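*Asks:* Sequence and computational prediction follow.
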Amino acid sequence: MDLEAITALIGVGKNAAGMTKTATEVAQSLRALLAKPNPDTEASNRLVSELLERLLALQSEQLSMQSAMLELREEQRRIERFQANANRYTLKRTEQGSLVRELKASDADGDPIHCVCAECYEKQVISFLQLVGHNTFECGECDGIVYMSDGRDSGIMIAPVNRSSRFPGDGTV
Ligand SMILES: [Zn+2]
């Protein structure tokens, strides 16, 4: 659960509670004033205006509370989505040295084997890596670049060592 969102919600809740208390106090003063034999109209009008102001502020605080709760629910859904899929991926270092999370073949469940961003995975986001260049993939979420084989290389191309061993004495390669 997102701690920041919860803290924000608690803050909004505290605010609203404080505002409700103030509005109640204003209403009580108003009642006390009106209970007098000859209530001061001007003073009571002032209190009514103040009460209205407080209630309007309270209403807007309530709206913030509502939107904070919606955010929290959205966050919870996102985390649930992540948790439902998290165990399907395993950490792997690519031949090019990048860390990625790869879909386990045993958990593929019909999906093609693919890799997701290891950085985003740590933030509980599963973000696909899309091919953007030769052996180069980009994360759609954090724009991170990952290097791994795009499957277009044949084994022969990667090994200059093999080449020199295949053509001993050819130092010009
Ligand atoms: Zn990412």
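*Replies:* In hand now; what should we look at?

*Asks:* the strands in the chain, which residues?
*Replies:* Using DSSP state E, the strands found in the chain span residues 89-93, 99-103, 115-117, 129-133, 136-139, 145-147.

*Asks:* How far off centre is the longest helix seen in the chain?
*Replies:* Using DSSP state H to define each element, the chain has its longest helix at helix 41-86. Distance, stretch centre to chain centre, for helix 41-86: 21 Å (C-alpha atoms, centre = their mean, to the nearest Å).

*Asks:* between that helix and strand 99-103, how big is the angle?
*Replies:* Between helix 41-86 and strand 99-103, the angle comes out at 70 degrees (axes from the mean of the first three to the mean of the last three C-alpha atoms, to 10 degrees).

*Asks:* Who are the packing partners of helix 41-86?
*Replies:* For helix 41-86, the elements it packs on are helix 3-35, judged by 3 or more C-beta pairs under 8 Å, 6 or more residues apart in numbering; DSSP states H and E. To be clear about C-beta, it is placed using only N, CA and C from the backbone, and glycine gets the same treatment.

*Asks:* what about this protein, any weak spots by pLDDT?
*Replies:* Scanning the chain for pLDDT under 70 picks out 1-2, 153-173.

*Asks:* Residue numbers of it in contact with the ion?
*Replies:* Contact residues (C-beta under 5 Å from the ion) of the chain with the ion: 117, 119-120, 127, 139, 141-142, 144.

*Asks:* quick one: which of those is most hemmed in?
*Replies:* Ranked by neighbour count (other C-beta atoms under 10 Å), those have C117 at the top, with 26 neighbours.

*Asks:* For that residue, which non-adjacent residue is spatially closest?
*Replies:* C139 (3.8 Å; C-beta to C-beta, 6 or more residues apart in numbering).
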